[in-house]
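S.K.: one predicted model, sequence on top.
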Amino acid sequence: MRKPYFKQSHKAWYCNIDGVTVRLGKDKDDAEKEYHRRLAADAPVTSRTTVAQLIDKFLGWTEANKAPRTFEWYCDHCRSFVKFIGYRMQVNKLTADDVDRWLLRSYKNSGDSHKAGACRAVARAFNWAKKRRMITASPIAGMERPTATRRECYIAPQQWAEVVEHLNDNDPFADLIWFLHETGARPQEARIVSAKMFDRDKQRFVLKLKDSKGKRHNRVIRLNAKAFAICQRLVVKYPDGPIFRNLSGTPWKADVLNKRFARLRTKLKR
């Protein structure tokens, strides 16, 4: 099955299945979901199955059975891995050394916790396939992973002053950075807050249970004066969907934000 491609003449996304062209839809995200749904029901795994094919099957299952944020997290790491090793690499040819080289090249500016998460995402795909008896063993079983560290980081006033020096007020990234600093919200929470979650009277955001960490209680993000001013401006500009967006008006994606934070870290020389 060829990966989805956009047909300009029809303004829609398509893929090829057994020589037949299949229309997936006009929206890229919806087309991607439909593509992975079809992959989940594709042909069984054989000795010639590639890593890309197996991971596509795993992502198809994940999209159908897990929360959207979980699916996106796996997509970011797994697709990065496939892009690095190539689409022709077969499962039985893969080794832990390929994972090490991927981390060294693609996550060179990331911390150990982020690298550990990337390893966990890729390993999960093969463990999932093994559990369903698609493969007899994971080709990267027993690989050494970076040790995740507990995140207890406090930004001192002087450090924050250095960050502000590198922020451009005309860059939407600055709004997101200030929001995180003023509220203590997580980056993934900032990416999904919307006008529908905005409680203007109580100056807060109330996230749905499925979007709240732990999924036991609705996450409440309280806003001080500065954060409230930023959000009040953005909910008017973007009444539908996430309010924090990039210069093109597109909601921030996790991988794009990771790159922006990495660039900021480089500028700060940290």
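M.R.: Cool, the structure landed.
S.K.: got the phi/psi numbers for residue 194?
M.R.: Backbone geometry at residue 194, expressed as degrees, to the nearest 10, gives phi -140, psi 170.
S.K.: and for it, the neighbour number?
M.R.: Here the count is done by other Cβ atoms under 10 Å, and residue 194 has 18 residues near it. Any C-beta I mention is one placed from the backbone N, CA and C, and that applies to glycine too.
S.K.: tell me which residue of this structure is furthest from the middle?
M.R.: In the chain, counting by Cα atoms, centre = their mean, residue 201 sits farthest out from the average C-alpha position, at 32.0 Å.
S.K.: give me phi/psi at that one?
M.R.: Dihedral angles (degrees, to the nearest 10) for residue 201: phi -60, psi -40.
S.K.: that one and residue 228, how far apart?
M.R.: Plainly put, residue 201 is 11 Å away from residue 228 if you go by Cβ to Cβ, to the nearest Å.
S.K.: try residue 166
M.R.: Distance, residue 166 to residue 228, using Cβ to Cβ: 24 Å.
S.K.: if you count what's nearby, which of the two comes out ahead?
M.R.: Counting neighbours by other Cβ under 10 Å for residue 166 and for residue 228 shows that residue 228 has the greater number, 17 against 12.
S.K.: and the pLDDT at the more buried one?
M.R.: We have a pLDDT of 96 for residue 228.
S.K.: which residue sits closest to it, ignoring its sequence neighbours?
M.R.: Spatial nearest neighbour of residue 228, excluding adjacent residues (Cβ to Cβ, 6 or more residues apart in numbering): residue 203 at 4.9 Å.
S.K.: check residue 235 too.
M.R.: Per Cβ to Cβ, 6+ apart, closest to residue 235 is residue 195, 4.1 Å.
S.K.: quick one: that neighbour and residue 242 touch, right?
M.R.: No: between residue 195 and residue 242 there is no contact, the gap being 9.3 Å when judged by Cβ atoms under 8 Å.
S.K.: one step back: the residue farthest from the centre of the chain and residue 218, how far apart?
M.R.: Taking Cβ to Cβ, one finds residue 201 at 17 Å from residue 218.
S.K.: now residue 147
M.R.: For residue 147, the distance to residue 218 equals 33 Å [Cβ to Cβ].
S.K.: these two: who's more crowded?
M.R.: For residue 147 versus residue 218, the count of surrounding residues by other Cβ under 10 Å is larger for residue 218: 13 against 9.
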